[in-house]
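Asker: fold the following, please.
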Amino acid sequence: SIRAHMVAIFSAVCFLLFTGISFFKYHLTIQAMVDEFLQTFQRDYHKYRSLNLKTMRGDQLIQVYSELEVNMLGRWKAPIINDFLCMVHFGLLRKLTLSWLHQFDSTIQNDLLSNEGGLESAEPMKALKKMTLMVMKNADLRNLVEVTEANELFEAINQSQHTDFFDEIKKYLEKFGFRCMSEMKLEEIDLNTDPTYLFVCIKNYLKSNTIEQLEAEEESRIRQVAEEKVAKELSGLKKIFYFWVLKHARKAVKNRENTRFARTRIYGLARNIFQYIGEDLAGINALSNPRDIFWLTIEEVFGVYNGTLPSYDLNSLIEIRKKSYEKFEASPDPRIMTRGPVYWRNQFIKEVEVPNYEGEDCDLKGIPCCPGVIEGEVKYISSPHDNLDLNGEILVADRTDPGWVPLYPRSEERRVGKECLRLC
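Answerer: Predicted coordinates:
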């Protein structure tokens, strides 16, 4: 009916109006929200991190995690809103750049966003490169690092006379030991548990004999040159609007990086809590191995101490899940499409037609993740458990996260993705 149609239109208009008002409100208040979030996060993070988790019983660790979930994970509104604003501002900046500045190199947008400063997520790489430079300047230390296996280096350096370098290692682990590859998975082993990955990266950097470390002055110059190009090309309202969008894109990207680094920290803290719960359960023979804790759901771990498990034979349950995961890992592509009950009568592996590029000088073709042309030997890394030694190869991976970043400076290039992103 006409009445129902009018009601639908009115509802849609009201929704759009409400969305627009909310967007404008958050646009004006997001910086204060992010600042308050980071301040509160740092306060609570250091409070929980100062706890001696290793000496606690499993039920006490459960209580700590429950408080952590309420006090920290429950206050994640600011990062979510900022991610949305970042998507809007960054996307708008890209559209304006492609439309108004298409005559410039495609890297100009990255140049404009560089050297913003105040990025906590950049500190681990700076510290890592600083330690590598210390090794390069000391022939005896360099020889020790190069000839010793990465998994033995921590103790080897501890037993050596290179106390200054060992102190830097301990400082790094104290500040960033929660990091690891695939750091959004609680079951991954972080640097505090096993610092081998840290030494793999240092050894990779040493193979190049150079450290690509732009000084702040050079980064500032790159940004300034890009700004001058834009200022000369645009004028009037276009110029004012473009720099307004750029200003807010820079702010949103910086806030996104800092809030995501906070997320990495909280994952590291949760990882430690469950590791120690695993040790507690292994100590009473509820688990065969402390790390088997990560084959259980959080509800099942809680059920151990709350007495709500339907079955307390955890080891048998874990063995079933390990066998199921072996089948999953053997699958060539985890993408699935299901109808009805998920685990029955569904084709989990979708057949993909391989494109025919006959006559073209490449095996695979796709969308690159950055501009440029490069040639070299390819090294495919699918997980943190692969051989991570790099010496100028082109790194190819199915997926990455911020924990992979230390590998990048020693690879000539990297390509990430599935069917839509391949090396050509």
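Asker: dihedrals phi and psi, residue 186?
Answerer: Here the main-chain torsion angles of residue 186 (degrees, to the nearest 10) amount to phi -60, psi -30.
Asker: pretty sure it is touching residue 269, no?
Answerer: No: counting by CB atoms under 8 Å, residue 186 does not reach residue 269; the two are 10.5 Å apart. Backbone N, C-alpha and C define where each C-beta goes, glycine included.
Asker: same question for the helix or strand residue 201 falls within, mean pLDDT?
Answerer: Element membership for residue 201 (DSSP states H and E) is helix 196-208. Averaged across helix 196-208, the pLDDT comes to 88.
Asker: any idea how far residue 55 is from residue 61?
Answerer: Distance, residue 55 to residue 61, by CB to CB, to the nearest Å: 10 Å.
Asker: who's more crowded, the two?
Answerer: Legend: neighbour count by other CB atoms under 10 Å for residue 55 and residue 61, higher for residue 61 (24 against 8).
Asker: just checking, the more buried one touches residue 53?
Answerer: Yes: in this structure residue 61 lies within contact range of residue 53 using CB under 8 Å: 6.5 Å.
Asker: shared neighbours of the two, anything?
Answerer: With contacts taken as CB atoms under 8 Å, 6 or more residues apart in numbering, residue 61 and residue 53 have 273, 276 as neighbours in common.
Asker: ranges for the helices of the protein?
Answerer: Along the chain, the segments classed as helices by DSSP state H run 2-49, 58-71, 77-100, 108-113, 123-136, 139-147, 153-158, 163-176, 196-208, 216-233, 236-283, 298-306, 314-330.
Asker: who touches residue 188 in this structure?
Answerer: The contact partners of residue 188, by CB under 8 Å, 6+ apart, come to 180, 181, 182, 271, 384, 403.
Asker: can you lay out those as a markdown table showing pLDDT?
Answerer: Converted to a markdown table, the contacts of residue 188 look like this (pLDDT from 0 to 100):
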| residue | pLDDT |
| --- | --- |
| 180 | 87 |
| 181 | 85 |
| 182 | 84 |
| 271 | 94 |
| 384 | 78 |
| 403 | 77 |
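Asker: go ahead and build a PyMOL selection from the buried members of those.
Answerer: In PyMOL, a selection of the buried entries from those looks like this (16 or more other CB atoms under 10 Å):
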select buried, resi 180+181+182+271+384+403
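Asker: name the nearest of the contacts of residue 188 relative to residue 65.
Answerer: Nearest to residue 65 out of the contacts of residue 188 is residue 271 (CB to CB; 11.0 Å).
Asker: low-confidence ranges in the stretch 301-424 of the chain?
Answerer: When residues are selected by pLDDT under 70, those of the stretch 301-424 of the chain lie in 332-337, 346-372, 408-424.
Asker: where do the strands sit along it?
Answerer: Ranges of strands in the stretch 301-424 of the chain, per DSSP state E, counting those that start in this stretch, are 378-380, 394-397, 413-416.
Asker: wait, residue 276 touches residue 56, no?
Answerer: Yes: counting by CB under 8 Å, residue 276 sits close enough to residue 56 to count as a contact (6.8 Å).
Asker: more neighbours, these two?
Answerer: Neighbours were counted for residue 276 and for residue 56 using other CB under 10 Å; residue 276 has more, 21 against 17.
Asker: ok, for the more buried one, nearest residue in space, not its chain neighbours?
Answerer: Nearest non-adjacent residue to residue 276, counting by CB to CB, 6 or more residues apart in numbering: residue 53, 5.2 Å away.
Asker: distance of that neighbour from residue 198?
Answerer: According to CB to CB, residue 53 and residue 198 sit 22 Å apart.
Asker: and what of residue 395?
Answerer: Taking CB to CB, one finds residue 395 at 18 Å from residue 198.
Asker: please apply the same query to residue 78.
Answerer: Distance from residue 78 to residue 198, by CB to CB: 31 Å.
Asker: same deal with residue 176?
Answerer: 9 Å.
Asker: more neighbours: which of those two?
Answerer: residue 198 (24 against 21).
Asker: show the contacting residues for that one.
Answerer: Applying CB under 8 Å, 6+ apart to residue 198 gives the contacts 128, 169, 172, 173, 191, 406.
Asker: sweet, I'm off.
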